[in-house]
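> no sequence on this one, just coordinates:
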């Protein structure tokens, strides 16, 4: 069955859409802000965005915080026609995503994303709070490389919303890995009708780059993501 025909929210995503990301951090007394803009294409499962430090100084490795940017915009995930796309059906009102990130043998933080559709633009507004990080660890010691292996996350219905769990592996400068255990729940901003939540998998690929003409601290992130019934692609 073609589930997209029952998903009014999916009509918003039948073309490329600009997105804006606003992230404010307060971690171990480090306060800083990131602002980003980009374009998402749900037909291709593709997002490309540029993110700059707009306030304060970047106290940590980029790889420790990039999952607060486009990962939160799972509304751009490419879905096959036989899987209900619950997340897109939450629009135009949008959703709140609460995510807990535990850095193994280091600190942790919680990020709260509010995703909305406003005047033809997807907004991802994020507040991040946490602590317990070692000053000389992989995160605040800036020992994480700007490279990530592919990721597979599992989504499943929960009592409080649409749950998700995955492990992000960030490579260190000496060839080891920093494991980040992440769990999250998505809740709608309205009680309107939506497609059912089902167990499924999201598959992610990432590329990081820089803008040679940009003088501010920044990163460019390209992400591809699609949904499937299985852990294998």
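Noted; the coordinates are in hand. Here the structure is a predicted model, which is why all the values come from computation and not from measurement. Numbering: from 1, shown residues only.

> mean confidence for stretch 11-24?
Across stretch 11-24, the average pLDDT comes to 96.

> how far does it stretch from start to finish?
Counting by CA to CA, to the nearest Å, you get 30 Å between the two ends of stretch 11-24.

> Sort out which residues of that stretch are buried, please.
12-13, 17, 19, 21, 23-24 (16 or more other CB atoms under 10 Å). C-beta coordinates here come from the backbone N, C-alpha and C atoms, glycine included.

> Repeat that for stretch 164-177.
Applying 16+ other CB under 10 Å to stretch 164-177 flags 164, 166, 168, 170-171 as buried.

> For this structure, give me the ranges with low pLDDT.
Judged by pLDDT under 70, the chain has its weakly predicted residues at 1-7, 233.

> what about the spatially most central residue of it, which SS state?
Closest to where the C-alpha atoms of the chain average out (CA atoms, centre = their mean) is residue 71, at 1.5 Å. Following DSSP: H, G, I helix; E, B strand; the rest coil, residue 71 is assigned to helix.

> who touches it in this structure?
By CB atoms under 8 Å, 6 or more residues apart in numbering, the residues touching residue 71 are 204, 223.

> How about residue 25?
Taking CB under 8 Å, 6+ apart, we find residue 25 in contact with 31-34, 65, 128.

> let's see 6 Å
Contacts of residue 25 were listed using CB atoms under 6 Å, 6 or more residues apart in numbering, and they are 32, 128.

> Give the bridge partners for it, please.
Using DSSP bridges, the bridge partners assigned to residue 25 are residue 32, residue 128.

> Pull up the gap between it and residue 99, please.
14 Å (CB to CB, to the nearest Å).

> Next SSE downstream of the helix or strand where residue 34 lies?
Secondary structure from DSSP states H and E places residue 34 in strand 30-41. Note on strand 30-41: by DSSP H and E, the next helix or strand toward the C-terminus is strand 46-55.

> Buried residues, that following strand. List them.
For strand 46-55, a neighbour-count test (16+ other CB under 10 Å) marks 46-53 as buried.
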